[in-house]
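In: Pasting the sequence and the predicted model now:
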Amino acid sequence: MFIKLFRKIKAYYMRKTTIFKQLILNVVIPAVLALLILGGFNYTQTKSILIESSDTKNKIISEEVIDIMEIQDVALEIIEQYLNPIMESYSNKLVHDYFMDTKNIEYADLDKIRKELGMDPEMEDIYIINEEGIVVNSTFEADLGLNLFLFGEEHKHMLLGIFEKKGFVYEKFTVEDNTRRLKKYTYIPTLDGKYLVELGIYSRPADELINSINKTVNELSDVDVAIFINKDNPRSLAKDIELAPDEIEFMKERFVNQDSVKISKKINRKKLFYNYSYIHRANTDMYKGAVIRIISDRSREEIVLRNELIKFISIFGLAIFIVIVLLYRKTKVITSPIKRLVDKVNRVTNGHLDERADVVGNNEITTLSQKFNSMIEELESYYNELEQKVKDRTAEVVQQKEVIEIKNKHIMDSIRYAKRIQNAILPPDKYVKELLPKSFILYKPKDIVSGDFYWMTKKNNLTIYAAVDCTGHGVPGAFMSIVGNNQLNYAIDVKKTREASKILDCLNQGVVNTLREKGNEKIGLSGVKDGMDLALVVIDYKNMKAQFAGANNPLCLVRDNEIIQIKGNKMAIGGNFDDELPKFTNHEIDLKKGDILYTFSDGYPDQFGGHDGRKFMVKKFRELLLEIHANPIEEQEKILEDRLEQWRGKEEQVDDIIIIGVKIE
């Protein structure tokens, strides 16, 4: 009734309070939206123009740098054409005049040879490289012992190829690691093919060219422009540029990905933008790949954007303040009676049905107050009528509750008595330890009484035990467990049966006869067809033999860290009322010391749990048995119980649980 009342008030309020709608729709929302759109558009446009301007400038600079590099390539090629014949002449003289016999080549006085050839000691060097790629002699002492094969697989294959071809090979200018100067290298193998004679020559025209190029690039703009080469160890031709370790790795990624990337960094309160552009140079070895880095300071742009944002926030805040002040003054006349009406509604919701709204004026609020008072009067009438009916029903409900409680007590007393009877048929713990010294029994009924039970006896040096799962659980299952216990004792004590399969045959016949006498051929006490599943084991400790027979349930044998499952027959005890009952299969097992036999019902594998509420499943249960079998047999019961509770979590136990583990010693 209260919900219905407040829905009516809400609907009436939304239909009649047109003043609020007009104010909100015509003043507040348009003003706010207009300011937001205008401010956002202005800020976005300003930011876009600044970024576009900076990007355009960087693009122009990159194109100019590329043009300069093309001029540089042509100039270097002219210098190389002059140097190639000179270096080839030096190389041939070294191989044919000085190193025809390479016996003492590693100890030769290369400085003396360089002077004799008329080579410039400041600009030209000689290197002797052995077959392992190591510089074993050189006029440039800083490179002695240097392994050139470590410069990369490409460089290694090039040197090995020169050994094979046995001819003069020259490289184009490259950057020398120590001096950052351009240096041209040539190679020629000795006549016996055991060494490479390498020449390295600086070029003053090349140095002047590079210095001129760097100066020209730096004068292009107020931004910082640098060119980096060598994908394995990125470096600039400018000696004063050193990269931090993280920027070296970042630069290597640009060479590998061959892309262009923009990143921003804040250094010393400056907003710097780093623009990395990869360029591919097909006509030069030195610039097969290069990265142009342009660093631009956008601190001024950030200040402009910040000022625009502050201006927008100030205008927006002032406008909202003015709107709020105007709206407050215009709506005060309306909000006061509405507030009083809300107070009345709150008191009514707290049970004060004698409250009434004040009816003042002649407007929508007046009409709303009148309707509200009418509804409260109707509600009060319904409440008084309902209160009287509740009083009339209270005595009857209390009386019925007392009757139910008495009946429930009688039922629970009966169930507890059934529990005592069922416990009486279970073998005592002392008897279990006497028959099965190394064993455990995990027994967890779902209800007070259980449909699962365990049974055991000892006859003629044979220990016989079974894990039995009767149809259903609770009271119906408990009744079936008593029938099963009696028939097992009858098979052993009266029929004198000692073979596992024949014990099940006798049990099956006895259960069927019992159910026929009770008239339960079709539907049993549990609401389904009565019967039981079980696994029965006969152990001859003296001869280390065992027999197994099962009705739907298997036997799991763990031996040598492997689990072997011996399946029972796919039929239940008492599940067939034909005149000629089928026979169970007898399985004989040769036992070994250390074997562990596990028999169980389906309660553990069928338990729901885990993070997604699914069954534990038989496969996972077998894996768990294999996992814990090496633990002492006395501890395995606790491990299984703890793992079950961990899996079950907040889920309800779905069935009775029994697991019997027996270790052979």
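Out: Looks like it came in fine. Numbering: from 1, shown residues only.
In: hey, let's count contacts and neighbours off CA atoms from now on
Out: Fine.
In: Any idea how far stretch 642-660 is from the middle of the chain?
Out: 28 Å (CA atoms, centre = their mean, to the nearest Å).
In: same thing with stretch 618-628?
Out: On CA atoms, centre = their mean, the centre of stretch 618-628 falls 27 Å from the chain's centre.
In: Name whatever forms a beta bridge with R235.
Out: Beta-bridge partners recorded for R235 (DSSP bridges): I229.
In: how near is it to R180?
Out: Remark: distance between R235 and R180 (CA to CA, to the nearest Å) = 9 Å.
In: before we move on, what about K446?
Out: For K446 relative to R180 (CA to CA), the value is 84 Å.
In: what about the two, which has more around it?
Out: K446 (18 against 14; other CA atoms under 10 Å).
In: Now that one: closest residue in space, sequence neighbours ignored.
Out: D656 (4.7 Å; CA to CA, 6 or more residues apart in numbering).
In: now swap in N461 and tell me
Out: Looking at N461 with CA to CA, 6+ apart, the closest residue is D540, at 6.6 Å.
In: That neighbour: what's it in contact with?
Out: Applying CA atoms under 8 Å, 6 or more residues apart in numbering, we find D540 in contact with N461, L462, T463, A546.
In: Please state the backbone phi and psi of the nearest residue to N561 once chain neighbours are set aside?
Out: Nearest residue to N561, sequence neighbours excluded (CA to CA, 6+ apart): L626, at 7.0 Å. With angles defined as degrees, to the nearest 10, L626 sits at phi -70, psi -30.
In: Adjust the sequence numbering to begin at 12 for everything that follows.
Out: Sure, I'll start counting at 12 from here, so that last one is L637.
In: Please list all residues in contact with L637.
Out: With CA under 8 Å, 6+ apart, L637 has these contacts: V569, N572, E573, I574.
In: Tell me how many other residues crowd the third one.
Out: Right, the one you point to is E573. 12.
In: Top of the contacts of L637 by number of neighbours, please.
Out: Among the contacts of L637, the one with the most neighbours (other CA under 10 Å) is V569, at 21 neighbours.
In: doesn't that residue fall inside a strand?
Out: Yes: counting by DSSP: H, G, I helix; E, B strand; the rest coil, V569 is found in a strand.
In: For it, give its distance to A562.
Out: 21 Å.
In: what ranges do the helices span in the stretch 262-411 of the chain?
Out: Along the stretch 262-411 of the chain, counting by DSSP state H, counting those that start in this stretch, helices occupy 310-360, 375-436.
In: just the chain next, same as before
Out: 13-27, 29-34, 40-104, 121-127, 164-176, 215-229, 256-268, 310-360, 375-436, 440-446, 485-500, 511-529, 629-639, 644-659 (DSSP state H).
In: Tell me where the longest strand sits in the protein.
Out: Within the chain, and with DSSP state E defining each element, the longest strand by residue count is strand 281-291.
In: Could you tell me which residues within it count as buried?
Out: Buried residues in strand 281-291, defined by neighbour count with 16 or more other CA atoms under 10 Å: K282, L283, F284, Y285, N286, Y287, S288, Y289, I290.
In: for those, which one is nearest L47?
Out: K282 (27.0 Å; CA to CA).
In: Domain-wise, how is this protein divided?
Out: According to automatic domain parsing, the chain is divided into the following domains: 12-341, 364-435, 437-674.
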